[in-house]
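Engineer: I would like to see how this sequence folds:
(one chain, ligands or ions: 1)
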Amino acid sequence: MIIFPYGFCQFAVPVQSKKPFYLWYTSRDMTALRYFTAGESHGKALLGFLEGIPAGLPISSADIDRDLKRRQGGYGRGGRMKIESDHADILSGVRWGKTIGSPLSLLIENRDFANWREGMSSDGIHEGSIPPVLKPRPGHADLAGSMKYSQHDIRNILERSSARETAMRVALGGVAKKFLSEFNVRIGSFVIRIGSRQTVSGSHDISEKKLMELFRKAEDSPVRCPDDTASEKMVRLIDQAAKEGNSLGGVFEVFAAGVPAGLGSHVQWDRKLDGRFAQALMSIQAIKGVEVGFGFGMGERFGAEVMDEICYQTRGSVPGARNKNVTYKTSFYRKTNYAGGIEGGMTNGMPVILRAAMKPIPKLRKPLRSVHIITKKSVEAAYERSDICAVPAAAVIGEAMVALTIASAFLEKFGGDSMDEVKSNYQSYMKYINNF
Ligand SMILES: Cc1cc2nc3c(=O)[nH]c(=O)nc-3n(C[C@H](O)[C@H](O)[C@H](O)COP(=O)(O)O)c2cc1C
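Structural biologist: Numbers count the residues shown, from 1 in each chain. Model prediction:
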C-alpha cells in the first residue's frame, strides 16, 4: 500500500489495484477545529483563523476582549503592555451576533506599529530604514532561526517568535471557551509558583467548586495566585529581580470543569488527549514542562497512594435537560483526582488538571554573553524593554490552548454543523452514559 499526501487528507492506494479506495485520516484531520495565527510583533496586526465552530453560537468581540485584557495584566510585565490595549475585530464567520458556520477570522491591531511603520513595512522601498539586529539573545529563537532561514537581520526571526503572537491564541481560545460554555464546561487557571515562592496546591483532592473558588480568588491577585501570603512573597521576589536586572519563571495550573467523560481516545497515539494537551501547552513560548494531574509527583509515590479508586452513585443529571446549572457527573466518580481527569488518553468525567512550567524571561537587563553574527566577536546580547515575569499572562494563554484542545475533541465526539445538532448529539450521549 502506498500513501499519498493530498492536502488535508491522504489517499491510501492498494498497490495491486492502483485505485484510491480509502480516505486515510492523518493527525491533522483528527482535529475538528483548525486554527492558525499570523502576524509579527511590531507589524500592522495579528490575524487568526478558526474553522469548525458550528453555526448558531452567539459571540461578540466583548467575549474575546475580556481574556485579551487578562493576558495583558499581571505583576512584572514590561512597557509593551502599557502601549497595547488589545481588541479583537471579528472580520468573518459571524453575522448579527451569531456564527454562521464559515471560518472565523479575527484581527488584533498592533498599536505599537505606529512607531514601526517603515521598520516593519512590507514595501521594499523602506529596506534599511532601521539597523539590523546582529546580536542573538540566548534563550530565544534568534540564532537557530537566523541560521535555518538564512537571515542576516535577526529581526526577521524575533518578530514572529515573540510571545506577542499569543494575543491571537487567546482571542481564538475565547471563541472556544464561549462554545464550551454552552455545555457548562468552565476553564480557569491560577499561578502556583514564581521562582522559589510557591503556594500549596492539592488539586488532586479538591472539588470543581473549590477549583472555581481558587480561580476567582486568583483573579484578584496581582500575580494570579489564590493564596494571599504567597502572592505577596511572589510580588516581593519580582521586585527583587527587577532591581537586579534579572527575571523569573514559574508554574501555573489550568483546569477544566464540567468536561464529559469520553473525549479523546486510547486507540491511536495522536488521539490521546493528554498528549494533545501537552503539545498545546508546550507550544506556548517559554513553557518547558507540562504535567497531567499529579504528574511528576506520581513517580515518587507508591501505586496505592495515587490511583483514583472508582465509586458509583445512582443519581446523575443531564445538563440542559432539567437544570442548566447542574454540572453533569457520570454515575461513576472518584474521591481523588491524581489522574487530572484523564485516563488512557480520555477524559473520565473528573475535572481536567494540567500544569505548565515556564522558564525565566530570557531577555535580561543584566547583559548575557553572545556572539555578533557578522564579526563573530564576543558581545553583550541585545536588550530592549522586556517583561520580568510573565507567568500570570502565560496562565491565561494556557487556558486558551486548553479550551481550543477541548473544543476540538468535543466537536470530534459530538460534531455537527449547527449548535442545535451538536447539542442534540451531546444530550443523547450524556443520557446514554448516565445509564451506563
Ligand atoms: C506571555 C509571555 C511574555 C513573554 N515576554 C517576554 C519578554 O518580554 N522578553 C523575553 O525575552 N521573552 C519573553 N517571553 C518568552 C519568549 O517569548 C520565549 O522564551 C522565546 O520566544 C523562546 O522560546 P522558548 O523559550 O519556547 O524556546 C514571553 C513569553 C510569554 C508566554
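
Engineer: only C-alpha atoms for contact and neighbour calcs from this point on.
Structural biologist: Noted.

Engineer: Report how many residues lie close to residue 212.
Structural biologist: Residue 212 has 18 neighbours, counted by other Cα atoms under 10 Å.

Engineer: for residue 285, what are its contacts?
Structural biologist: Going by Cα atoms under 8 Å, 6 or more residues apart in numbering, residue 285 touches 161-163.

Engineer: Can you tell me how far it is from residue 61?
Structural biologist: With the distance defined as Cα to Cα, to the nearest Å, residue 285 ends up 25 Å from residue 61.

Engineer: Check residue 160 too.
Structural biologist: Using Cα to Cα, one gets 24 Å for the distance from residue 160 to residue 61.

Engineer: do residue 180 as well
Structural biologist: Distance from residue 180 to residue 61, counting by Cα to Cα: 17 Å.

Engineer: Likewise for residue 42?
Structural biologist: 22 Å.

Engineer: Looking at the two, which one has more neighbours?
Structural biologist: Here residue 42 and residue 61 are compared on neighbour count by other Cα under 10 Å; more neighbours surround residue 42, at 23 against 16.

Engineer: Right, and the ligand sits closest to which residue of the stretch 151-300 of the chain?
Structural biologist: When you check the stretch 151-300 of the chain against the ligand by Cα to the nearest ligand atom, the closest residue turns out to be residue 286, at 3.2 Å.

Engineer: tell me the secondary structure for residue 76?
Structural biologist: For residue 76, the assignment made with DSSP: H, G, I helix; E, B strand; the rest coil gives coil.

Engineer: Identify the residues contacting it.
Structural biologist: Contacts for residue 76 (Cα under 8 Å, 6+ apart) come out as 238-239, 387-390.

Engineer: Apply 6 Å and report the result again.
Structural biologist: Taking Cα atoms under 6 Å, 6 or more residues apart in numbering as the contact definition, residue 76 lies against 388-389.

Engineer: for the ligand, what are the nearby residues on the stretch 1-150 of the chain?
Structural biologist: Of all the residues in the stretch 1-150 of the chain, those in contact range of the ligand (Cα under 6 Å from any ligand atom) are 139-141.

Engineer: Adding distance to residue 428, secondary structure and neighbour count, write those residues out as a markdown table.
Structural biologist: Supplementary listing: these in a markdown table, determined by distance: Cα to Cα, whole Å; DSSP: H, G, I helix; E, B strand; the rest coil; neighbours: other Cα atoms under 10 Å:
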| residue | distance to residue 428 | secondary structure | neighbour count |
| --- | --- | --- | --- |
| 139 | 50 | coil | 13 |
| 140 | 48 | coil | 18 |
| 141 | 48 | coil | 16 |
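
Engineer: now, which of those residues sits nearest the ligand?
Structural biologist: residue 140 (3.9 Å).

Engineer: Excluding chain neighbours, give the residue nearest to that closest one in space.
Structural biologist: Taking Cα to Cα, 6 or more residues apart in numbering, and ignoring the residues beside it in sequence, residue 140 has residue 362 as its nearest neighbour in space, at 7.0 Å.
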